[in-house]
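>>> model the following, please.
(one chain, ligands or ions: 3)
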Amino acid sequence: MPKHNADIASSFEEIADLLEIQGANPFRIRAYRNAARILGELPQEASRLLEKGEDLTRLPGIGDDLAAKIKEIVTTGHCSLLDRLHTELPPAITDLLKIPGLGPKRVKALYHDLDVQTLEQLHRAARDGRIRALPGFGEKTENNILQAIEAHANQTRRFKLAVAAPYADALERYLAATPGVLQVTIAGSYRRMRETVGDLDILVTAATAAASDIVQRFTGYDEVAEILSAGTTRASIILNCGLQVDLRVVKEESYGAALHYLTGSKAHNIAIRVLAQKKGLKINEYGVYRDDTRIAGETEASVYAAVGLAYIPPELRENRGEIAIAKSGKLPQLIAREDLRGDLHVHTKATDGHHSLREMALAGLSQGFEYLAITEHSQRLTVAHGLDTARLLAQCEAIDALNEELQGITLLKSIEVDILEDGRLDLPDSALARLDLVVAAVHSNFNLSRAKQTERIVRAMQHPHFTLLAHPTGRLLQRREPYDVDMLRIIREARQRGCFLELNAHPERLDLLDTHCQLAKEEGVLISINSDAHSIYDFANLRFGIGQARRGWLEKHDVLNTRPLTELRSLINRTM
Ligand code: DGT
Ligand code: CA
Ligand code: CA
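Ligands and ions are numbered 1, 2, ... in the order given. Here you go, the predicted model:
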């Protein structure tokens, strides 16, 4: 079974951590961390690229040595360097790194100075007050460690949707190829496109006689680390990556009822069951029953029809008003990927992207897009080699020249300009005036008070050239909390100024949140669903943005970049 990018990335992270604990060369450590990040963000599987005979050293930050390691992991499932590091250090030492607040530097000190090698030893050292004496730790850190160990013990890990996706796809293919299997569907929060999933729930239809063989084949999958339970029609496993997967096998006639049950959410299911009871019906994962007669269950639509409702798309099933709307027959026609006509947030290698203007344009064209806005970082973001006025104007000329030549797609001149701490924009008006639209974003000072952060963004929006607020809350899933802002005020300001908010489709961002999308829709503010592409592969991320937008009830007409170019131009060229 080929290794997924997330597996390779976590091997590289682990190598970097272990090298750091050993006190290896910082450049070498950084190269592995860098490669882990690149792989983690690559929407195409490295194994697929290798299959196609592509040269991995073309990826940024991947030299011959790293390319060889990726190939080794993909083809053998192992990394000999990692195996060696595991023999050189105590095996449980990586568990210590899972404690929030403990990085490799601290683990190194704990290991070398206190001979702490396991979580139990760490717990004991913290309880005995031995950690506070270490240089750079102190009593407060010791207390934090103690709390974190205790929290770790009863914490369950959630997986980002995009991290779970390749595991789900591979398992789906594996099960679909199993004799006797009729249909395989991934249900649960995954089907509802939640930004993270607690586990995967897989529904298989088959004849009753085939069920136990299918369960056996499932528990025999070669990425299984642990079998939690296995019966005749259901089983639960944990994969090597730590993701739990539940399997349910039902007869074809129960497919709709079982899929409805397993898709959830639990709150939605309970509300539907109450509705059924009021109609004198009984509903469970095998069907809908009046007395002892089965009246529905083969399809989900039949289940909804039995309780007097139109079919409710999975992304809406959170018991947030969808049932009442379904009763009235006014469910939204949710946005679909094909509705997008362009992308208004795209980087190139002029800053921190990986491909040229032309490569991005051609990739956009193959996505079926009519336009792409080129939005490099601005000068203040030095880590991304942000553009100053001169470089921006040079890029504008390059775009004009390329537009002359390109057929079928137009590049729009733009920028992802930094919003400075006081709400000013990071480039002079004279430069911004040359652009087709101005995308602006916060990249610093995340910790301002709610009042100050809101004021900062509102001031930026009042700038005459401001068009679109990118990743409006700044959160990074499981890494950085959103900054504190009054989103309703920002949405209302956008409405008043005739500007727009982004839903950033990067699977680590998915920012705006679904509930904010709903709010913007109610206030009549259009949302732009953008990839934030840094390479030609990143347009694939739009599917996650679409999922989030659907969870936020957005329809085609609520989304800015569903507009044809001429209509888009008149919306973004507002006169002040
Ligand atoms: P997750 O895995 O935490 O991201 O969220 P879900 O929604 O996938 O939840 P999970 O895996 O615990 O259960 C899968 C589905 O099974 C859930 O969406 C609805 C259904 N389900 C689970 N427990 C109950 C229950 O107690 N009552 C009802 N009606 N349905 C349930
Ligand atoms: Ca689940
Ligand atoms: Ca489950």
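
>>> who are the contact partners of the residue in the stretch 251-400 of the chain that ligand 3 sits nearest to?
Nearest to ligand 3, among the residues of the stretch 251-400 of the chain, is residue 262, at 8.0 Å (C-beta to the ion). Where C-beta positions appear, they are placed from N, C-alpha and C, glycine not excepted. Residue 262 makes contact with 187-188, 201, 203, 248, 285 under the criterion C-beta atoms under 8 Å, 6 or more residues apart in numbering.

>>> farthest-separated two in those residues?
188 and 285 (13.1 Å; C-beta to C-beta).

>>> more neighbours: these two, which one.
Counted by other C-beta atoms under 10 Å, residue 188 and residue 285 do not tie: residue 188 has more neighbours, with 22 against 16.

>>> please name the nearest non-neighbouring residue to the more buried one.
Nearest non-adjacent residue to residue 188, counting by C-beta to C-beta, 6 or more residues apart in numbering: residue 201, 3.4 Å away.

>>> the one you found should be in a strand, yeah?
Yes - assessed by DSSP: H, G, I helix; E, B strand; the rest coil, residue 201 belongs to a strand.

>>> right, and it touches residue 258 too?
No - the criterion here is C-beta atoms under 8 Å, and residue 201 misses it with residue 258 at 10.3 Å.

>>> how long is stretch 218-226 from one end to the other?
Counting by C-alpha to C-alpha, to the nearest Å, you get 12 Å between the two ends of stretch 218-226.

>>> assign residue 85 to helix, strand or coil.
helix.

>>> that one and residue 29, how far apart?
12 Å (C-beta to C-beta, to the nearest Å).

>>> could you name every residue contacting both of these two?
Common neighbours of residue 85 and residue 29 (C-beta under 8 Å, 6+ apart) are residue 19.

>>> any residues of the stretch 201-350 of the chain in contact with ligand 1? List them.
Contact residues, the stretch 201-350 of the chain versus ligand 1 (C-beta under 6 Å from any ligand atom): 201, 261-262, 264-266, 269-270.

>>> one more time with 8 Å, if that's ok
Contact residues (C-beta under 8 Å from any ligand atom) of the stretch 201-350 of the chain with ligand 1: 201, 246, 261-266, 268-270, 273.

>>> can you select the buried ones among those residues for me in PyMOL?
What follows is the PyMOL syntax for the buried subset of those, where burial is set by 16 or more other C-beta atoms under 10 Å:
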select buried, resi 201+246+261+262+263+264+265+268+269+273
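
>>> widest-spaced pair of the residues of the stretch 201-350 of the chain next to ligand 1?
246 and 273 (20.3 Å).

>>> just want the residue of the stretch 151-300 of the chain that's nearest ligand 2.
Closest residue of the stretch 151-300 of the chain to ligand 2, C-beta to the ion: residue 188 (3.2 Å).

>>> show me the contacts for that residue.
Applying C-beta under 8 Å, 6+ apart, the residues contacting residue 188 are 197, 199-201, 246, 262-264.

>>> out of the residues you listed, which comes closest to ligand 1?
The closest of those to ligand 1 turns out to be residue 264 (C-beta to the nearest ligand atom; 1.8 Å).

>>> now do the shared contacts for residue 201 and residue 258.
residue 248.

>>> so what's the spatially most central residue of the chain up against?
Nearest to the mean C-alpha position of the chain, by C-alpha atoms, centre = their mean, lies residue 507 at 2.1 Å. By C-beta under 8 Å, 6+ apart, the contact set of residue 507 is 160-163, 195, 477, 541, 544.

>>> the nearest residue to it once chain neighbours are set aside in helix, strand or coil?
Of all residues not flanking residue 507 in the chain, residue 162 sits nearest, at 3.3 Å (C-beta to C-beta, 6+ apart). Here residue 162 takes the helix state, with states given by three-state DSSP.

>>> packing partners of the strand or helix carrying residue 141?
Using DSSP states H and E, residue 141 falls within helix 138-153. Packed against helix 138-153 by the contact rule (3 or more C-beta pairs under 8 Å, 6 or more residues apart in numbering; DSSP states H and E) you find helix 119-127.

>>> gap between the helix it packs on and the chain center?
Helix 119-127 has its C-alpha centroid displaced from the chain centroid by 35 Å (C-alpha atoms, centre = their mean, to the nearest Å).

>>> which other helices and strands does that helix contact?
So helix 119-127, by 3+ C-beta pairs under 8 Å, 6+ apart, packs with helix 93-96, helix 104-114, helix 138-153.
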